[in-house]
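Participant: below: sequence and its predicted model.
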Amino acid sequence: MRPPQIDRSNYMNPYLAGVLLGLILLATIFISGRGLGASGAFKSLVVTTVEAVAPAHAENAPFFANYSKTHAEGGLKSWLVFEILGVLVGGFLSGLISGRMGFKNEHGPGISGRTRLIAAFSGGILFGIGSQLGRGCTSGAALSGMAVMSSAGFIAMMAIFGSGYAFAYFFRKLWI
Amino acid sequence: MGPLVPEIIGNNLNLIIAFLIGIAFGYTLEQAGFSSSRRLAGLFYGYDFVVLRVFFTAAVTAMMGLIVLSFLGWIRLDLIYINPTFLTSVIIGGLIMGLGFILGGFCPGTSVTAAAIGKIDAIAFLVGIFTGIFIFAESFPLIRDLYTSGNLGNILVYESLGVPRGVFAFGLTVLAIAAFIVTSRIESRINGEERTESPLLRRRYSAAVGVAVVIGFVLIFMPDKTSRALNTVENHWQDAGQKIKKMDKDELAMMLINDENRLLLVDVRSAGEFEQSHIPLAVNIPFGKLTDVQWRNLLKDRRKTNIFYATDTETALKAALLSVELGDNGDVRILDEGFDVFNREILTFDVSNPHEKLSVDLEQFRRDARLKLEELAARAGGTTVQVKEVRKIKGGC
C-alpha cells in the first residue's frame, strides 16, 4: 500500500516549530501562571449556549450549576475563550501568508468525503467527552501538564497516544 | 517575579494577553502543518512523525525553560497551575481521546487552526467536540463518580517516580532525542525514501542535540533559588557572624524610640510566642515562612535597616542570612542575646530586681525606655503590617 504523498516543503521545520511552541508555552506560564488549552474554551461555549437556550435546565443540571459556581465571571469572558479566538486568527494569518487557504475536505484515498465527515464528527464527540474526563485535551492536559511536570500531564499523553496506536490498525482505511 | 498574573498584570489585560498568545499558538500550529488531518494521523501509521517532533520539542523546551526561570528566581513554581491527577478519570479520558484522534484526525487545538484555513473536516470535528461536551454535561450525574475517582491531588511526575527534578528532565530530553532519531528512520523506510538530509542539516541537528545535552546536564545539578539560599544558610551560618552585625538591646531600644521609621523589626519566632509578647512594631514572620513570596517586598525596602530577632541569636542569624541570600535588603542586624533578655531588661525592666550592675545613667535610660516603648506599643496597638495574600492561580480546561 502506498503511503500518502504529503508535500512537506512548505511547512516550518518541526523542531523549530517545537521550540517556538515551547517558548510560547513558557511565556504563557510566566505571564499568566497557567498553560495553553483548547477544550476548556468549548466547554465555556457549551455552557453559555445552554444557559442562553434553556436557562431553567442550566440551573438544575449539576454540571452547569457546578460550572457557574466555579466560574464567577461566567460565560465567554474566560482566558481560554480569548486564547482560542487568537488561535483562530493566528491559524488564519498563517494560512493566508503561506497560501494554504481554501475550502477542502481532507481525507484518505480509500474513503469518500462523506465518510470522512462522519469520522471527523465522531472523533470530535469522543474528544469532547474524553477531554472532560481528562480535565484537558492534548494541549491543556498533556502538553501544558508535561511542561509543569504534573503526573496528570504525562499520564494523559501516554493514554492519548497509546490508545491512538492501539486503535490505529482498525481504522487504517480512513487514512492509508 | 513571575507569574505576572494577578500581582502585576490585571485580569482584563490578562485576557488581551490570552488573545495575543492564542495568535502565536495558532500561527505556529498552522506553520508546523497541524492544520492537516492526514499529517497528524501520520504519527499513528509511521508515514509522518511531525506531531511527535513538534509536541516533544515543545514540551521539553517549556519544561527546561521553567527550570531555568526557577533557578534564576524569576518564577515561583509553587504558584503556577498544576493540573490535578484524577488517575482513573485521566486514563479513561485519554483512551477515549486517543480513539477520537484516530477517527477525527485532529485534537481540539489543531482543529481550530485547520478550520481557520477552511478545512471542512475540521469544522465537522469542532461540531463533534461541542456535541461531545454537551453529551458529557447531560450525562454528568451518571459519570460523576468516574470523573472524581482516583484523586491524587496536584502531584508531580518526578516526585511520583522518586527522582530529582533535574534528573527526570534530563532523562526525558534524552528519550525525546532518541525518539526523534528512531522515528525519522521509520519514516524514511515507510515512505521508501533515501535519507535526504544534507550533511549541513545533519551537522546542525548534531549541534542542537549537543547543546540540549549540555544544558540538560547542567540542569541536573541545578536547584532553584530558594533551595540554594536554604543550603547556604545551613552550611555557612556560622561564618555569617562577621558579615551580620549584632545590635545591643539598649541600642535597639534607643533606635525604636528615636528612629522607628528607619527600621523594620522582624520577629522570627512562632506565631504563638509572638502573640504572647513581642517588641513593639515587630512583624511576625516565623522562620519557616521566611521564604514565602509575600514577604519579599516588605523585606526589600532599602530605606530601612532590617533587624531580626528570635529567642536565641542562632535562629536570628540564620534568618538574617537567609533574607540576604534571597535578595532582600542587605542592611541587616540581629538582636544580641535574643528576645527574652530584651523583654526582661527593657520591656519589663524592674529597677528593684537588677540582673546586672548598671550605671545610674543606664538605669535611668532603661526606665525611660520601658515607658516610651509602652507608649509606642499602645500607639502601634491595632496596626499590623498589611501583606497581600498571594493566590495560587486557577487554570485548566
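Facilitator: Happy to help now that I have it. Numbers count the residues shown, from 1 in each chain, chains lettered A, B, ... in the order given.
Participant: and residue 27, how many neighbours?
Facilitator: Since no chain was named, I'll use chain A. When counting by other C-beta atoms under 10 Å in any protein chain shown, one arrives at 17 neighbours for residue A:27. For the C-beta atoms, the positions are set from N, CA and C on the backbone; glycine is no exception.
Participant: not quite, I wanted chain B
Facilitator: Neighbour tally, residue B:27, other C-beta under 10 Å: 25.
Participant: did I read that right, it in a strand?
Facilitator: No. Counting by DSSP: H, G, I helix; E, B strand; the rest coil, residue B:27 is not part of a strand but helix.
Participant: for it, report the pLDDT, please.
Facilitator: On pLDDT, residue B:27 comes in at 97.
Participant: now do the same contact list for the residue lying closest to it once chain neighbours are set aside.
Facilitator: Leaving aside its sequence neighbours, residue B:27 sits nearest to residue A:90 (C-beta to C-beta, 6 or more residues apart in numbering or on different chains; 3.8 Å). Going by C-beta atoms under 8 Å, 6 or more residues apart in numbering or on different chains, residue A:90 touches B:22-30, B:113, B:116.
Participant: tell me the two of the residues you listed that are most distant?
Facilitator: B:24 and B:116 (13.9 Å; C-beta to C-beta).
Participant: those two: which is more packed in?
Facilitator: Between residue B:24 and residue B:116, counted using other C-beta under 10 Å, the more crowded position is residue B:116 (25 against 19).
Participant: distance of that one relative to chain A?
Facilitator: 3 Å (C-beta to the nearest C-beta, to the nearest Å).
Participant: just the element for the residue nearest to residue B:27, please.
Facilitator: Here residue A:90 is covered by helix A:79-97, with elements defined by DSSP states H and E.
Participant: tell me which residues of that helix come out buried.
Facilitator: A:79-95 (16 or more other C-beta atoms under 10 Å in any protein chain shown).
Participant: for chain A, give me the ranges with low pLDDT.
Facilitator: The model of chain A has pLDDT under 70 over residues A:1-9, A:72-74.
Participant: the helices in it, which residues?
Facilitator: Along chain A, counting by DSSP state H, helices occupy A:14-32, A:39-53, A:55-60, A:62-70, A:79-97, A:113-133, A:144-147, A:151-168.
Participant: try the stretch 251-397 of chain B
Facilitator: B:271-276, B:296-299, B:313-325, B:338-342, B:360-380 (DSSP state H, counting those that start in this stretch).
Participant: and the contacts of the last one?
Facilitator: Going back to what we said before, that points to helix B:360-380. B:250, B:253-254, B:256-257, B:260, B:279-281, B:345-349, B:351, B:354, B:358.
Participant: again with the fourth one
Facilitator: By C-beta under 8 Å, 6+ apart, the list of residues contacting helix B:338-342 from outside reads B:249, B:252-253, B:267, B:269, B:278-279, B:309-313, B:316, B:335.
Participant: just give me how far that helix sits from the chain centre.
Facilitator: What separates the centre of helix B:338-342 from the centre of its chain is 36 Å, taken as C-alpha atoms, centre = their mean, to the nearest Å.
Participant: again, but for the third one
Facilitator: On the basis of C-alpha atoms, centre = their mean, helix B:313-325 sits 22 Å off its chain's mean C-alpha point.
Participant: do stretch A:64-79 as well
Facilitator: Distance, centroid of stretch A:64-79 to centroid of chain: 20 Å (C-alpha atoms, centre = their mean).
Participant: also stretch B:271-287?
Facilitator: Distance, stretch centre to chain centre, for stretch B:271-287: 27 Å (C-alpha atoms, centre = their mean).
Participant: distance between the ends of it?
Facilitator: From its first residue to its last, stretch B:271-287 covers 10 Å (C-alpha to C-alpha, to the nearest Å).
Participant: pLDDT (mean, whole number) over it?
Facilitator: In this model, stretch B:271-287 has an average pLDDT of 90.
Participant: isn't residue A:115 right up against residue A:107?
Facilitator: Yes. Counting by C-beta atoms under 8 Å, residue A:107 is a contact partner of residue A:115 at 7.3 Å.
Participant: which residues are in contact with each of these two?
Facilitator: Common neighbours of residue A:115 and residue A:107, using C-beta under 8 Å, 6+ apart, are residue A:174.
Participant: so these two - more neighbours on which side?
Facilitator: Neighbours of residue A:115 and residue A:107, each counted by other C-beta under 10 Å, are more numerous for residue A:107; the result is 22 against 14.
Participant: residues contacting the more buried one?
Facilitator: Going by C-beta under 8 Å, 6+ apart, residue A:107 touches A:113, A:115-116, A:174, B:37-38, B:121.
Participant: list phi and psi for it.
Facilitator: Per-residue torsions, residue A:107: phi -150, psi 160 (degrees, to the nearest 10).
Participant: how near is it to residue A:101?
Facilitator: Distance, residue A:107 to residue A:101, using C-beta to C-beta, to the nearest Å: 19 Å.
Participant: what of residue B:267?
Facilitator: 66 Å.
Participant: and those two? which has more neighbours close in?
Facilitator: residue B:267 (25 against 14).
Participant: indicate whether the host helix or strand of residue B:98 makes contact with chain A.
Facilitator: Taking DSSP H and E as the criterion, residue B:98 maps to helix B:87-104. Yes. Helix B:87-104 reaches chain A (C-beta under 8 Å from any C-beta of the partner chain) through B:87, B:89-104.
Participant: contacting residues for residue 44?
Facilitator: No chain specified, so I'll use chain A. A:71, A:75-76, A:78, A:80-81.
Participant: I was after chain B.
Facilitator: A:164-165, A:168, A:175, B:101-102.
Participant: now those residues: which count as buried?
Facilitator: The neighbour-count criterion (16+ other C-beta under 10 Å) marks A:164, A:168, A:175, B:101-102 among the contacts of residue B:44 as buried.
Participant: so residue A:123 makes contact with residue B:125?
Facilitator: Yes. With contact defined as C-beta under 8 Å, residue A:123 reaches residue B:125; the gap is 6.0 Å.
Participant: between these two, what contacts are shared?
Facilitator: Joint contacts of residue A:123 and residue B:125 (C-beta under 8 Å, 6+ apart) are B:104-106.
Participant: and which of those is nearest to chain A?
Facilitator: Among those, residue B:104 lies closest to chain A (C-beta to the nearest C-beta), at 1.9 Å.
Participant: got the domain ranges for the chain?
Facilitator: You didn't say which chain, so I picked chain A. A:14-102, A:106-176 (automatic domain parsing).
Participant: you answered for a different chain; I wanted chain B.
Facilitator: Domain assignment for chain B by automatic domain parsing gives B:11-224, B:228-380.
Participant: may I have the phi/psi pair for the spatially most central residue of chain A?
Facilitator: By C-alpha atoms, centre = their mean, chain A has its centre lying nearest to residue A:38, at 4.8 Å. When read as degrees, to the nearest 10, the backbone of residue A:38 gives phi -150, psi -50.
Participant: tell me the contacts of it?
Facilitator: Shown in contact with residue A:38 (C-beta under 8 Å, 6+ apart): A:80, A:84, A:87, A:137-140, B:107-109, B:112, B:397.
Participant: just give me the neighbour total for the nearest residue in space to residue B:61 that is not next to it in sequence.
Facilitator: Excluding its sequence neighbours, the residue lying closest to residue B:61 (C-beta to C-beta, 6+ apart) is residue A:22, at 2.5 Å. Residue A:22: 25 surrounding residues under other C-beta under 10 Å.
Participant: and residue A:150, what does it touch?
Facilitator: Residues near residue A:150 by C-beta under 8 Å, 6+ apart: B:82-85, B:154-157.
Participant: make a ChimeraX selection of the buried ones in those.
Facilitator: To isolate the buried members of these in ChimeraX, using 16+ other C-beta under 10 Å:
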select /B:82,83,84,85,155,156,157
